[in-house]
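Here's my sequence, what's the structure:
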Amino acid sequence: MKVVPDNKARFSMIRVLFICSQNRLRSPTAERVFSTYPGIETDSAGLGNNANVPLSTEKIEWASLIFVMEQAHKKKLSKKYKPFLNGKKLICLGIPDDFDFMQAELVEILKKKVEPFL
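Purely as a prediction, here's the structure:
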């Protein structure tokens, strides 16, 4: 009898991409916070020209769920990457650029806003 490997675990992972402007504070915080959640794979990127990790079409294609921090990010993403967003769930968190990396208040807000979608 041939044993077929169970690929359910691989396909049941939620691939979550977090996007902000420069990928320095908000989206890297979110990537780190949710990377420890079971069944979740995380990544982050920035839309700005000088982003630490610039957004790419590969990152968008990889993601099954995309979170942006501000409405302006959603507009820019939709305009610049529209062909790659078909079938993607895109959620605006409404989190302003007022926090430091891993700041406790930012972590609390992220958990409150992101967890209902996971």
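
Okay, now the unreliable bits of this structure?
Across the chain, the ranges flagged by pLDDT under 70 are 1-11.

Please, where are all the helices along it?
With DSSP state H as the definition, the chain shows helices at residue ranges 8-12, 26-34, 57-62, 71-81, 104-114.

Next, format these as a markdown table and append mean neighbour count.
All C-beta spots, glycine's among them, are computed from the backbone N, C-alpha and C. Output for those, formatted as a markdown table (neighbours: other CB atoms under 10 Å):
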| stretch | mean neighbour count |
| --- | --- |
| helix 8-12 | 8 |
| helix 26-34 | 23 |
| helix 57-62 | 14 |
| helix 71-81 | 15 |
| helix 104-114 | 15 |
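
Other residues contacting stretch 42-57?
With CB atoms under 8 Å, 6 or more residues apart in numbering as the test, stretch 42-57 has contacts from 15-24, 27-28, 30-32, 34-35, 59, 62-63, 73, 76-77, 80-81, 84.

picking that back up, will you turn the helices of the chain into JSON lines that also has distance to A51?
What follows is the helices of the chain, written out as JSON lines (distance: least, CB to CB, whole Å):
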{"stretch": "helix 8-12", "distance to A51": "29"}
{"stretch": "helix 26-34", "distance to A51": "9"}
{"stretch": "helix 57-62", "distance to A51": "11"}
{"stretch": "helix 71-81", "distance to A51": "11"}
{"stretch": "helix 104-114", "distance to A51": "18"}
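
Pull the contacting residues for F84.
F84 neighbours (CB under 8 Å, 6+ apart): T57, I60, E61.

What is the nearest of those to Q103?
Relative to Q103, the closest of the contacts of F84 is I60; by CB to CB it sits at 27.0 Å.

Now the closest one. Nearest residue, chain neighbours left out?
F84 (4.5 Å; CB to CB, 6 or more residues apart in numbering).

got it, and L17?
Nearest one to L17, counting by CB to CB, 6+ apart, is A63 at 3.7 Å.

what about that neighbour, how many residues close to it?
Applying other CB atoms under 10 Å, we find 24 residues neighbouring A63.

got the phi/psi numbers for it?
phi -80, psi 140 (degrees, to the nearest 10).

how close does it sit to M102?
Distance of A63 to M102, computed by CB to CB, to the nearest Å: 22 Å.
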